[in-house]
Every structure is written in structure tokens, then in C-alpha cells.
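[1] Can you look at this prediction? I've put the sequence above it.
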Amino acid sequence: MLNTSPALEFKSSTFFAPILILYTNDLTAIEQTLHEKISLAPEFFKDSPLIIDLRELNKQNLSLDFSQIIQLLRRVSFFPVGIRGGNENQNQQARALFIPIDTVREQGSTLMIGAEAAKQETAPQPAAQPEAATPKEPVRAVPVPPVSAAATLVTQPIRSGQRIYASGDLIILSQVSAGAEIMAEGNIHVYNTLRGRALAGVHGNTAARIFCFDLQAELISIAGDYKTSEDLNKQTYRHPVQIYLQNHALIIKEIA
Amino acid sequence: MARIIVVTSGKGGVGKTTTSAAIAMGLAKRGHKTAVIDFDVGLRNLDLILGCERRVVYDFINVINGEASLNQALIRDKNCNLLYILPASQTRDKDALTQEGVGKVLDELSKDFEYIVCDSPAGIEKGANLALYFADDAFVVTNPEISSVRDSDRMLGILSSKSRRAERNEEPIKEYLLLTRYDPDRVKLGEMLSLEDVQEILSLDLLGIIPESKSVLSASNAGMPVILDEKSEAGQAYADVVARYLGEKLPHRFIDGKQGFLRRLFGGRK
């Protein structure tokens, strides 16, 4: 019998996981802060995959019992799925525990940018995470994918039917035509007329903003909350504006 | 090396073939050896506009497939001996065009022509993409109405991203706006987009405005490019376009239209 369906298939895909940046090797402090964090959003963290970032720790030359931190994380219902920024010894321990090692971005400054993004993220909502502002907390979980790429600059006009995607901020100096689509994981700046669709914070960054010189957009969206041109206020139409998210509502404000 | 011009628009019926015939004739009349190629395989029209339909033996696809030489397929125009036409095949479709084949034909033409005008089919499919792929300059033909402007904008996006110049990271294709079928009276009545409206949306260099004119249809039916009708406004407008393309500085005409009787009586807005 001829069996046409294959037994398996490989496909490429991208997943997002929080990164846990350790600033101390004090296990008690780590556990306590983790519990506090989890209590803020138990559903969000429950059974969440987690990547452990050891660069800050290794900068301070702090040694860490790797198997103990893994046990601790599993105990509070995380699934550690990788480490990065580990030294030779830590990588070996990780391998022994069947935890993959990310070596690709070890030298980049992505980590610090990620931390900055996390700060940005929490800044407009101090009520939700009251202790997030304290500077010397030993553990910081990053609940959103960090904005890791530098800004993308486009000087050509974006014509109808064209799509631009930026993994960081997107800066456009020319017009964006009706029927064009511009997307960014970070902020969008259009120093000209915006007639097409603009989607900022496409991976859920609710702190992302859209800025444009002349708002005539077909659609604007931040982190999935959108408005079509029909819903746009006549007062801000054809004006220079900034657009941001406040309590799941898109605020369009004229820039004087 | 020849300069390759694509005449394109996205939308159909805006005047691409009329424009191709007119500017190819205009360039040849000014002493530049010019070839004009019909890329609209399956919907051959350019030969009709140029009045050479009864002399078509071999076509563009025959040359691409090696069934005929370029010299066998090229038709010399009866009004101007510096103008040659490479007709499209009427019995085939756009799939018969290949990038390699088109490239070879253009390379060969480049050796002894100064200008090659590629008359693009409507749409954004293979025929249109291949017509623009090798271009150095693009004449974007637009009518003063929103769907045509939107389609032209789309075409401009393709010009800047899918051409050979874009792929090789060379200097981008030079894009020119040609506003055709412009009727100043209807613009004044608000029935048609104005030149300013179109330019605001497309932000493009204006090469010329071709006024709506009865002479275009009669010239097409007679198989005479309208540029040869020097009395008609459209013919003069195309002559201006060719002159501007070749670097002459001429003021734009046909924007305001003729002064009507009432307007003359009471004075116009300006």
C-alpha cells in the first residue's frame, strides 16, 4: 500500500519566552522575589517556559549552583528551556540537565536593551507593579519580548501595496501611501503624510507609540488595539499627532 | 547603450499604448533611433496604433524562442525610418515571456538603438513585471481619478522594489508622471482630481499633462500616433513631453483649459 502522508515534517517557527536575568546568586532572595512576581500575575507565569540569562551574574563573578536554580524554578512552576551568557562551567551543567544553550547572541547588547524595554513597559503603569521601580531588585523577569533590534530608517516613499516590517523602531522620512502597511515591534515615526496602515508594538508592546506629521491613516494599531480611518476624530485628521495606548484605548493627541 | 523606458500604469485603459506610440515616434522624429516593444502578449494593440498591423510576420515571442531573428521581427515605421516596432504575439499569453529571453532581446536592441520603449500591459502580473524589470526610466501614465492614482502608486512601489536596478542596488529607476485624459473643465467642477491632488498623493516629477482630446481616438483608429497631429492639443502635449524628457525646459500647458464665454465675461478665478 502506498502511504502518501509523511511521518513527520520540520518547520521553522519563532516563539517568545520570558528571559530571567539574574543579578544575584542568593537563592533565598531569588525565590522570594519570584514568588512576589508570580503573585502579581499567576496565570501569566504558570508553566511558562523561561530562558535564564547569566551575563549580569558573570560580570560580577558570582558563582551559581546551576542545578539548584533549575530546581527552584521548576518548583515555582517555570520550565527553564535555555540559558544564555553562561560560562564554560555553567554551560556544561546546563547540558547535563538537558537545557539548551544559546550561543548566538552572547556578545550582543540585546540583553541591556531588553532590560530597558522592560523598564519602559512598566513605567506607564506603576499601579500594576508597584515594586518594579526599585532599582536594586535581585531578579527581574521580562514579561514581554524585548525590543532587540536597532531602529530601521526608510527614506523612500512607501507605496501602495508595499509592506515594511521593523523588529525595533521604524522611522520613515517619506510619505506612506494609502494601501501600504508599516509595522514595527517598537515605535513608528513618520515625518511626512501617513495614509496607509500603521501598526506599532505588533508583538504586544503596549508602550509603543506612533508619531506622524500628517495623519490620514487608513488604520492605526498599537499592540493589537486599532482604529480605522472611520473612527478617527476629525480634529486630529491631517494634523501632526502622536498615538499611544492608555487603558486599552488608543489616544490620539495633537503635537503642538 | 540604449536607454530603456517603460510606459506603465497598473490600471488598464489610461493611455499606455497611445503614450508609448507617441513618445517612441517623438524620439525618432527628433533623430534618435528608437525601438518600441509591445509587452501585451495576447492582446496586441501597439501595431494598430502605429498602423503596421498588416506587416506583422514575426513577433516578440518568436524572437525570444529563437524562431526568428530580431531583424526579421522588427518592423520599420512608414512615417519615420528611425522608428522600429517589435509587435507582441497575439496567439500566446504572458507565460511565453521569460526574464532571460526579454533580457537577451533588450541587450541585442541596446547595441544599435538609442531608446527602447517598453509598452507594458495593464496589471501587476508577469507581463507588466518583465516590461519594467530592465527599465532605466519609467513613464507612469495616470488618469485624474482615484483608482488610477492608487494603481499608479502601487506600480511605483513595484518599480522601486522589483526592478533589476533595485535588485542590484543600483541607482533607482527615474520615475516620471504623465497625467493623461485631463479635462480642466471637469476639474473645475470637482468631477476630476486636479493636478495638485494627484501630485500630492504620488509626489512625482510631472513630465506632462495630456488633455482629453478627440484627436487621440481618431488618430488611434487611423493608425497614426497622435503626436503626428501637430494641430491637436494632445499631439502638442506629447511633443512637449518628449522635449522635456530630452532635457528642454518648457512650461506646462493645458492645465487651465480654454477660457469659456462666461468666464471671459466675468473674469476667471485668477
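    Happy to help now that I have it. Residues are numbered from 1 along each chain as shown, chains lettered A, B, ... in the order given.

[2] Distance-wise, check the residue in the stretch 151-256 of chain A positioned nearest to chain B relative to B:Gly103.
    Among the residues of the stretch 151-256 of chain A, A:Arg159 lies closest to chain B, at 3.0 Å counting by CB to the nearest CB. C-beta here means a position set from N, CA and C on the backbone, and glycine is covered the same way. Distance check for A:Arg159 against B:Gly103: by CB to CB, to the nearest Å, it reads 25 Å.

[3] Pick out whichever of those two has more residues nearby.
    A:Arg159 (26 against 15; other CB atoms under 10 Å in any protein chain shown).

[4] how about the nearest residue to the more buried one, chain neighbours excluded?
    By the measure of CB to CB, 6 or more residues apart in numbering or on different chains, the closest residue to A:Arg159 outside its immediate chain neighbours is B:Gly157, 3.0 Å from it.

[5] Point out where the chain drops to low pLDDT.
    This is for chain A. Counting by pLDDT under 70, chain A has low-confidence residues at A:1-4, A:12-15, A:103-149.

[6] try again with chain B
    Using pLDDT under 70, chain B drops low at B:258-270.

[7] and the end-to-end length of stretch A:61-72?
    Start-to-end span of stretch A:61-72 (CA to CA, to the nearest Å) is 21 Å.

[8] do stretch A:191-211 as well
    8 Å.

[9] Check which residues of it are buried.
    By neighbour count, and taking 16 or more other CB atoms under 10 Å in any protein chain shown as the criterion, the buried residues in stretch A:191-211 are A:192-203, A:205-211.

[10] So which of these reach chain B?
    Cross-checking the buried residues of stretch A:191-211 against chain B (CB under 8 Å from any CB of the partner chain) gives A:Arg195 as the overlapping residues.

[11] which parts of chain A sit against chain B?
    Applying CB under 8 Å from any CB, we find that chain A lies next to chain B at A:156-162, A:174-175, A:177-180, A:195.

[12] any chance of the residues you listed in a markdown table, plus secondary structure and distance to B:Val41?
    As requested, those are exported to a markdown table (DSSP: H, G, I helix; E, B strand; the rest coil; distance: CB to CB, whole Å):
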| residue | secondary structure | distance to B:Val41 |
| --- | --- | --- |
| A:Gln156 | coil | 31 |
| A:Pro157 | coil | 31 |
| A:Ile158 | strand | 31 |
| A:Arg159 | coil | 26 |
| A:Ser160 | coil | 26 |
| A:Gly161 | coil | 24 |
| A:Gln162 | coil | 27 |
| A:Ser174 | coil | 35 |
| A:Gln175 | coil | 34 |
| A:Ser177 | coil | 30 |
| A:Ala178 | coil | 31 |
| A:Gly179 | coil | 28 |
| A:Ala180 | coil | 30 |
| A:Arg195 | coil | 34 |
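
[13] tell me which element residue 221 falls in.
    Here I'm looking at chain A. strand A:219-222 (DSSP states H and E).

[14] actually chain B
    Short version: B:Asn221 belongs to helix B:214-222, going by DSSP H and E.

[15] Do a quick rundown of the strands in chain B.
    Using DSSP state E, the strands of chain B run over residues B:3-8, B:34-38, B:75-76, B:83-86, B:115-119, B:137-142, B:174-182, B:205-211.

[16] now the stretch 51-200 of chain A
    Counting by DSSP state E, counting those that start in this stretch, residue ranges of the strands within the stretch 51-200 of chain A are A:78-84, A:101-102, A:139-142, A:152-154, A:163-166, A:170-172, A:181-184, A:188-194, A:197-200.

[17] Can you tell me which of these is most buried?
    Looking across those with neighbours counted as mean count of other CB atoms under 10 Å in any protein chain shown, the highest average goes to strand A:197-200: a mean of 25.

[18] Can you name the element that comes right after that strand?
    Along the chain past strand A:197-200, the next helix or strand (assigned with DSSP H and E) turns out to be strand A:210-215.

[19] What are the contacting residues of that following strand?
    Residues from elsewhere that reach strand A:210-215 (CB atoms under 8 Å, 6 or more residues apart in numbering or on different chains): A:187-194, A:198, A:200, A:220, A:222, A:232, A:236-244, A:252, A:255.

[20] contacting residues around the closest residue to chain A within chain B?
    Chain B approaches chain A most closely through B:Gly157 (3.0 Å), counting by CB to the nearest CB. Contacts for B:Gly157 were tallied using CB under 8 Å, 6+ apart; they are A:Ile158, A:Arg159, A:Ser160, A:Gly161, A:Gln162, A:Ser177, A:Ala180.

[21] correct me, but the fourth one touches B:Ile158?
    Yes. A:Gly161 is in contact with B:Ile158 according to CB atoms under 8 Å; the separation is 7.5 Å.

[22] Show me which residues of the biggest helix by length in chain B are buried.
    Among the elements of type helix in chain B, defined by DSSP state H, the one spanning the most residues is helix B:146-161. For helix B:146-161, burial by neighbour count (16+ other CB under 10 Å) applies to B:148-160.

[23] Need the max-distance pair from the contacts of B:Gly157.
    A:Ile158 and A:Gly161 (9.5 Å; CB to CB).

[24] For chain B, just list every one of the helices.
    Counting by DSSP H, chain B has these helices, from start to end: B:16-29, B:46-49, B:60-64, B:70-73, B:99-112, B:126-133, B:146-161, B:164-167, B:184-188, B:195-202, B:214-222, B:233-245, B:261-266.

[25] Could you say which of these is packed most deeply?
    Most buried of those by mean neighbour count (mean count of other CB under 10 Å) is helix B:16-29; its value is a mean of 28.

[26] Okay, angle between it and strand B:34-38 too, please.
    Using axes from the mean of the first three to the mean of the last three CA atoms, to 10 degrees, the direction of helix B:16-29 lies 170 degrees away from that of strand B:34-38.

[27] what angle do helix B:16-29 and strand B:3-8 make?
    Using the same axes, to 10 degrees, the direction of helix B:16-29 lies 160 degrees away from that of strand B:3-8.

[28] Taking strand B:205-211 as reference, get the angle to helix B:16-29.
    For helix B:16-29 and strand B:205-211, the angle between their directions (the same axes, to 10 degrees) works out to 110 degrees.

[29] Tabulate the CA atom coordinates of helix B:16-29 in PDB.
    Once side chains and other backbone atoms are set aside, the C-alpha atoms of helix B:16-29 remain, and they are given as PDB (Å, rounded to 0.1, in the frame of the first residue of the first chain):
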ATOM      1  CA  LYS B  16      -0.200  53.400 -22.100                       C
ATOM      2  CA  THR B  17      -0.200  52.300 -25.700                       C
ATOM      3  CA  THR B  18      -1.100  55.700 -27.000                       C
ATOM      4  CA  THR B  19       1.700  57.200 -24.900                       C
ATOM      5  CA  SER B  20       4.200  54.500 -26.000                       C
ATOM      6  CA  ALA B  21       3.400  55.100 -29.700                       C
ATOM      7  CA  ALA B  22       3.500  58.900 -29.300                       C
ATOM      8  CA  ILE B  23       6.800  59.100 -27.400                       C
ATOM      9  CA  ALA B  24       8.600  56.500 -29.500                       C
ATOM     10  CA  MET B  25       7.600  58.400 -32.600                       C
ATOM     11  CA  GLY B  26       8.500  61.700 -30.900                       C
ATOM     12  CA  LEU B  27      12.000  60.400 -30.000                       C
ATOM     13  CA  ALA B  28      12.500  59.000 -33.500                       C
ATOM     14  CA  LYS B  29      11.300  62.300 -35.100                       C
END
